[in-house]
Structure formats: structure tokens, C-alpha cells
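Chemist: okay, predicted coordinates and the sequence, questions at the end:
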Amino acid sequence: MTAATGSHTIDLQARQLCCERDDRVLFDNLGLQLKNGELLQLAGPNGAGKTTLLRLLAGLNRDYQGELLWQGRALTAVYSEYAAQRLYMGHLAALKKTLTPIENLRWLTAAWAVGEDDLWRALDEVQLYGYEETPCMQLSAGQQRRVGLARLALAERGVGPCPLWILDEPFTALDKAGVAWLEGRLQQHVESQGAVVITSHHALENIASLRRLELGALI
Ligand SMILES: Nc1ncnc2c1ncn2[C@@H]1O[C@H](COP(=O)(O)OP(=O)(O)OP(=O)(O)O)[C@@H](O)[C@H]1O
């Protein structure tokens, strides 16, 4: 474990997880474990249940059967502690469109011990130099995506305030350079003993330590 991860032990487990939506079983008896230095990609066709599983793993939805554990304890029982250690990015950019990138980033990282200079540098790293004070509604879809991704840029040596990243389709709307940057950031994060669980239709084969969980083929 590196200095950047501190004493964070990542241990997220699902045991015999079952989830139904509208009387349709999305997955049943699903088991997984995620530890430091691992990247897990949830794959499968549209509607297979990737986002649903990701939200369960993030603790954002409790409509399931089975067990979800963080460091061996029920995720629901340690939710506050867990939420402080995981970064969840949904499939929408989830920005306040009337605010600027720097204002959004301040708001998105309000609970983190990061300085103002760090925020400006992070926006610079995601190629938003010169757009820091432009209202987000005037940015392109890819630029809006980059505002959210700037949180990942805040991470030093790949591990930021949140050692566990839970990312829903983070490659959406990114150009080639953005894709390369994000792949590099994910790689760096797992090399630094962070962990990532991600849904993506994007092939991630360049990333070492990739594991794939195929939904839709399980049941
Ligand atoms: N709140 C909900 N109420 C009812 N059905 C839902 C709800 N959320 C999701 N579903 C259904 O569950 C199924 C799985 O949805 P989900 O968004 O998890 O799929 P996905 O694998 O992420 O798909 P995609 O690749 O299109 O993003 C879909 O058929 C969807 O209609």
C-alpha cells in the first residue's frame, strides 16, 4: 500500500446478490469482491443491469436481496464511513449548468481537503484551461464530462481522497485524447493501490489487472 492510500483497506464484497426490477430478475446469486489494486469492469448489453448493480455497490439503492459488505461489515451499517471513501460518478455529468467548472468542482469536492490551486490545476489537466469560468451550459458534452472527471485528476499519483472509484460510463462523450487520459488515470489509480469498479462499453484491455463481470449471461 502506498503513502497515498494511507491506511485505506479496500474490501467490497457482494454475496448472493439478487436484484429484480419490474418482476424481471437482473441478476441472481451474484458474488464479487474488490480489493486494493483491482479494476472490475461490469459488462453486458443494454438493460443487463450494470448501472443498477453499480448503484447498489455505491450504497445508493437498497432494493436488493443478499449481502453487500464493506470491510466485512454490512454496507448499510457503515454507510457514512463507506461513502467518505468511495467516489461515485453517475452516467450523467451531474453538473449545475449555470455554474462554471471551477464553481462546480468546488461544490463536488466540498468534503475533500483540497486547495484552490489544486482545483485549477485539475481543470488544467483535463484540458479545461481557459474555460474555468465559463458557465457549464456553454460547454460541449465532452467538456462537461471533463469537469466531473477533474475529480480524478485531483488524485496524486493516482489515488485521491477516495480510494474506491465507482464510475458509470465515464468515457461517454470523450474524444480520443480524453479516452487516453482517462485510461492512464485508471491505470495509475490501480497501480497506486486504489480500486475501480466501472461500467463501460469501452474496451479496457490496455489496463493491467482488469477483471470483467459479464451481466446478462449470469442467469
Ligand atoms: N427504477 C427502476 N424501476 C424499474 N425498472 C428499472 C429501474 N431502474 C432500472 N430498471 C430496469 O432495469 C434494467 C437494467 O437497467 P440498467 O440501467 O441497470 O441497465 P444497464 O446494463 O446499465 O444498461 P445500459 O447499457 O443501457 O446503460 C432495465 O430494463 C431498466 O428498465
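Modeler: Nice, thanks for sending it over.
Chemist: in the chain, what residue spans correspond to helices?
Modeler: 50-57, 79-83, 101-108, 116-125, 141-153, 176-191 (DSSP state H).
Chemist: for Asp63, which of those helices is the nearest?
Modeler: helix 50-57 (8.1 Å; Cβ to Cβ). C-beta coordinates here come from the backbone N, C-alpha and C atoms, glycine included.
Chemist: with only the CA atoms kept, save that closest one in CSV.
Modeler: Extracted C-alpha coordinates of helix 50-57, given in CSV (Å, rounded to 0.1, in the frame of the first residue of the first chain):
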residue,chain,number,x,y,z
LYS,A,50,-24.8,-2.7,-15.0
THR,A,51,-26.0,0.7,-13.7
THR,A,52,-28.3,-1.0,-11.2
LEU,A,53,-25.5,-3.1,-9.8
LEU,A,54,-23.2,-0.1,-9.7
ARG,A,55,-25.7,1.9,-7.7
LEU,A,56,-26.1,-1.0,-5.3
LEU,A,57,-22.4,-1.2,-4.8
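Chemist: next, the residue of the chain most remote from its centre: phi, psi?
Modeler: The outermost residue of the chain relative to its centre, with distances by Cα atoms, centre = their mean, is Asp23 at 28.2 Å. Backbone torsions for Asp23, taken as degrees, to the nearest 10, come to phi 60, psi 10.
Chemist: look up how far the ligand lies from it.
Modeler: 10 Å (Cβ to the nearest ligand atom, to the nearest Å).
Chemist: mind putting the helices of the chain in TSV, mean neighbour count and mean pLDDT included?
Modeler: Converted to TSV, the helices of the chain look like this (neighbours: other Cβ atoms under 10 Å; pLDDT from 0 to 100):
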stretch	mean neighbour count	mean pLDDT
helix 50-57	22	96
helix 79-83	14	94
helix 101-108	20	95
helix 116-125	17	94
helix 141-153	22	95
helix 176-191	17	93
